[in-house]
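Undergrad: coordinates only, sequence not included:
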C-alpha cells in the first residue's frame, strides 16, 4: 500500500513538472509578486484538476465527447491564454517596477483565478485527465475498489501540491537575484509563450469549425 501510494505521489510530481501554461503562469506571477502568488496559481490549477477528477470519478465526462463542447473548450482556451499572455506583455515593465520597488502586488485571489481558468479552459488538460487519469482510475477500482482509488487519487494531488510549492519557492528566491531588465524580459517571454499556447488552441478552433461545416 505504502509503495503504491508513493508511486502515485511521484506520478503527481511527474505530471506537474513538464513546462506548460501553468508553470509559465507560475513563473510570471512569482517573478512579479513573489511566493504566494506563484503558489496560488498552482493551487487554482489543482482545484480545477480536482473538479475534473470528480467528474471522471462520478462518470460525467461523456459530455466532452460532443463536438460542440470540444469547440467551446478550444475557444475558451484560446481566449484565456491569449488574454493572459497579452496582459503579461502589456504590463511587463509597469508591474515589475511596482512589485519590486513599491511592493504593490496583484491580489492572491486574482492569481488563484488565473491558475484555475488556465487549467479549466485548457483542452489538453481535459484530454489528459480523461485519457490518463480515467484509465488509472478504472484500473485501481477494478483491482482494489473505489475507496482505495480515491486514496490513490489523493496521493497524486499531494505530489502536485509539493511540486507547486517547490516551484513557488524557487521562483520567490530566484527573483531577488535578478535585475529589473531581466525580470521584464522574463515576463515578456512568458507572455509570448502563453499566447503561443493560445494560438495553438485557436488553430484547433478553426479545424473544429471546418470539421462541423464539412
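TA: Cool, got the structure. Please read these numbers as outputs of a predicted model, since none were measured by experiment.

Undergrad: Going by C-alpha atoms from here, please, whenever you check contacts or count neighbours.
TA: OK.

Undergrad: how far away is residue 80 from residue 86?
TA: Distance, residue 80 to residue 86, by C-alpha to C-alpha, to the nearest Å: 10 Å.

Undergrad: And these two? Which one has more around it.
TA: More neighbours surround residue 80 than the other of residue 80 and residue 86, with 20 against 17 (other C-alpha atoms under 10 Å).

Undergrad: so the more buried one makes contact with residue 198?
TA: Yes. Using C-alpha atoms under 8 Å, residue 80 is in contact with residue 198, at 7.4 Å.

Undergrad: mind checking pLDDT for the residue nearest in space to the middle of the chain?
TA: Geometric centre of the chain, nearest residue: residue 22, 3.4 Å, by C-alpha atoms, centre = their mean. For residue 22, the pLDDT comes out at 86.

Undergrad: and the spatially closest residue to residue 121 that is not a sequence neighbour, how far is that from residue 45?
TA: Closest residue in space to residue 121, ignoring its immediate chain neighbours: residue 77 at 4.6 Å, by C-alpha to C-alpha, 6 or more residues apart in numbering. Computed with C-alpha to C-alpha, the distance linking residue 77 and residue 45 is 14 Å.

Undergrad: what's the overlap in contacts for the two?
TA: residue 118 (C-alpha atoms under 8 Å, 6 or more residues apart in numbering).

Undergrad: Just want to know which of those two has more residues nearby.
TA: The neighbour count for residue 77 versus residue 45, taken as other C-alpha under 10 Å, is higher for residue 77 (27 against 24).

Undergrad: State the mean pLDDT of the host helix or strand of the more buried one.
TA: Under the criterion of DSSP states H and E, residue 77 resides in helix 67-90. Helix 67-90 comes out with an average pLDDT of 80.

Undergrad: can you list contacts of that helix?
TA: Contacts of helix 67-90 (C-alpha under 8 Å, 6+ apart): 21, 28, 63-64, 117-118, 121-123, 187-202, 204-205, 208-209, 212.

Undergrad: hang on, residue 41 packs against residue 111?
TA: Yes. Shown here, residue 41 and residue 111 form a contact pair, counting by C-alpha under 8 Å, at 5.2 Å.

Undergrad: Quickly note the distance from the closest residue in space to residue 10 that isn't next to it in sequence to residue 3.
TA: Nearest non-adjacent residue to residue 10, counting by C-alpha to C-alpha, 6+ apart: residue 159, 6.1 Å away. Distance check for residue 159 against residue 3: by C-alpha to C-alpha, it reads 14 Å.

Undergrad: which one of those two has more residues nearby?
TA: Set side by side, residue 159 and residue 3 show more neighbours around residue 159, with 22 against 8, by other C-alpha under 10 Å.

Undergrad: now the longest helix seen in the chain, how far from the centre of its chain.
TA: Longest among the helix segments of the chain by residue count, using DSSP state H, is helix 180-213. In this view, helix 180-213 has its centroid 14 Å away from the chain centroid, taken as C-alpha atoms, centre = their mean, to the nearest Å.

Undergrad: which other helices and strands contact it?
TA: helix 21-33, helix 67-90, helix 92-97 (3 or more C-alpha pairs under 8 Å, 6 or more residues apart in numbering; DSSP states H and E).
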